[in-house]
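1. would you be able to build a 3D model of this:
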Amino acid sequence: MRLSVLNMKKFAYLLAPAALCLAPVLSNAQALVPAGKMFSNAFLDVRAPLSGDWVIVKSSQAELAFARTGTAVNESYIAQVSLFALPDLKDKAQFEALVKQGVEADSPLERFKPISASYEYSEQRGYSCIKYVGVTEDMKAKTATSATETVTLKLQFNSLYCQHPTVPGVGFMVGMSHRGDTVVDELAQEAATFIEGVQVSKNTAKPVVQTETQVQTPAKPAESQAEVQSPPQQSQPPAEPEVETEVRG
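-> Coordinates of the predicted model:
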C-alpha cells in the first residue's frame, strides 16, 4: 500500500548523503527503461524488469519503482525496491511481526478489503527474509482517465522483505504487484524473476548511524497508492535531480 515518504526520507537522513540513490539523474522521468538495466549502490544491485514497457515512476534516496500498464482498462503493474530502518530484532518471529504490522498499517479497512495474505520466513538467500503474498480489494481505486472517478479493483502483491546481511539496522523490500479487475496467475513468476534480479551489493556499505531511536515499520509496496498513467509520450521535460512524483499503479 502507501509507502510513507516521510518515513523513507527520515531513514535516508541516517545514511551517508546520496548513498542510497539507486537511479541516475533522469532527463526524462517517463522514458522507457531498457530491459535488465542495472542500478547499483553500496546497498543493493537492482536489475530492471526483463520484459514489458516499464518506466521509472519513483526515484529517491530510499526507493526505486518501475511501472507499466496492462492490456485491460485500469490494469497496471508496479515493480519496486525500497529501504527501511530496522530495530534490533531478537528472532525471526519478531521480524515477521514487524513486516505484518507494516503491511496491515498501510491497508486501511475503510478503503481496502483483505482477501488473502501469507507470510513465510526464509533464509534461502543466506540471510533473514519474509516472503509476503497477498490479495486485497481496493474499493476506491482511481481510474486511469479521471482524477475523481473511482472503481473497485483487485490488488496482488508478491514481495520479499529482508534484513540486510552486512549493514545492521537496514532492511529492504523488493516485490511486484498487479492491479486490475481480476487476479493474474503469471504475477508469481514475473515477481520471482524481478526479485531474483535484486541482490545485496558487491560493494561494502558503511553501517547505519542510528541518530534517532524511533524506528518505522516497513510498508507494503506502493501499488495501491495511486494509478499508473497512460503510456508516456516522447516529450522532453526539464531535467530534475530527483523524481518525487506519486507512484501510479
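2. I'd assumed residue 101 was in a helix, is it?
-> Yes: using DSSP: H, G, I helix; E, B strand; the rest coil, the assignment for residue 101 is a helix.
3. gap between it and residue 159?
-> Computed with CB to CB, to the nearest Å, the distance linking residue 101 and residue 159 is 15 Å. (Glycine included, C-beta is placed from N, CA and C.)
4. when the two are compared, which one has more neighbours?
-> Regarding residue 101 and residue 159, a neighbour count based on other CB atoms under 10 Å identifies residue 159 as having more, with 23 against 13.
5. how about the helix or strand residue 194 falls within: buried residues?
-> Assigned by DSSP states H and E, residue 194 belongs to helix 187-196. Along helix 187-196, the positions that meet the burial threshold by neighbour count (16 or more other CB atoms under 10 Å) are 187, 190-191, 194-195.
6. which residues are contacting that helix?
-> Counting contacts by CB atoms under 8 Å, 6 or more residues apart in numbering, the residues outside helix 187-196 that touch it are 47, 49-50, 77, 79, 133, 156, 158-160, 174-178.
7. so residue 118 sits against residue 130, correct?
-> No: when contacts are counted by CB atoms under 8 Å, residue 118 is not listed as touching residue 130 (10.2 Å).
8. can you map out the strands along this structure?
-> Defined through DSSP state E, the strands belonging to the chain, from first to last, are 38-40, 44-47, 55-59, 63-69, 76-85, 112-122, 129-142, 150-163, 170-180, 198-200.
9. averaged pLDDT, the second one. What do you get?
-> When pLDDT is averaged over strand 44-47, the result is 94.
10. rewinding a little: top of the contacts of helix 187-196 by neighbour count?
-> Using other CB under 10 Å as the neighbour definition, the contacts of helix 187-196 reach their maximum at residue 79, which records 29 neighbours.
11. residues in contact with residue 163?
-> Going by CB under 8 Å, 6+ apart, residue 163 touches 86, 89, 95, 127-129, 170-171.
12. which of these ranks first by neighbour count?
-> Neighbour counts for the contacts of residue 163 peak at residue 171, which has 27 neighbours (criterion: other CB under 10 Å).
13. hang on, that residue packs against residue 84?
-> Yes: Residue 171 sits in contact with residue 84 when judged by CB under 8 Å, with a separation of 5.1 Å.
14. of residue 118 and residue 130, who's got more company?
-> Neighbours around residue 118 and residue 130, counted as other CB under 10 Å, are more numerous at residue 130. The numbers are 24 against 8.
15. what distance do you get for the more buried one to residue 100?
-> 8 Å.
16. what touches both of those two?
-> When contacts are counted by CB under 8 Å, 6+ apart, the set common to residue 130 and residue 100 consists of residue 119.
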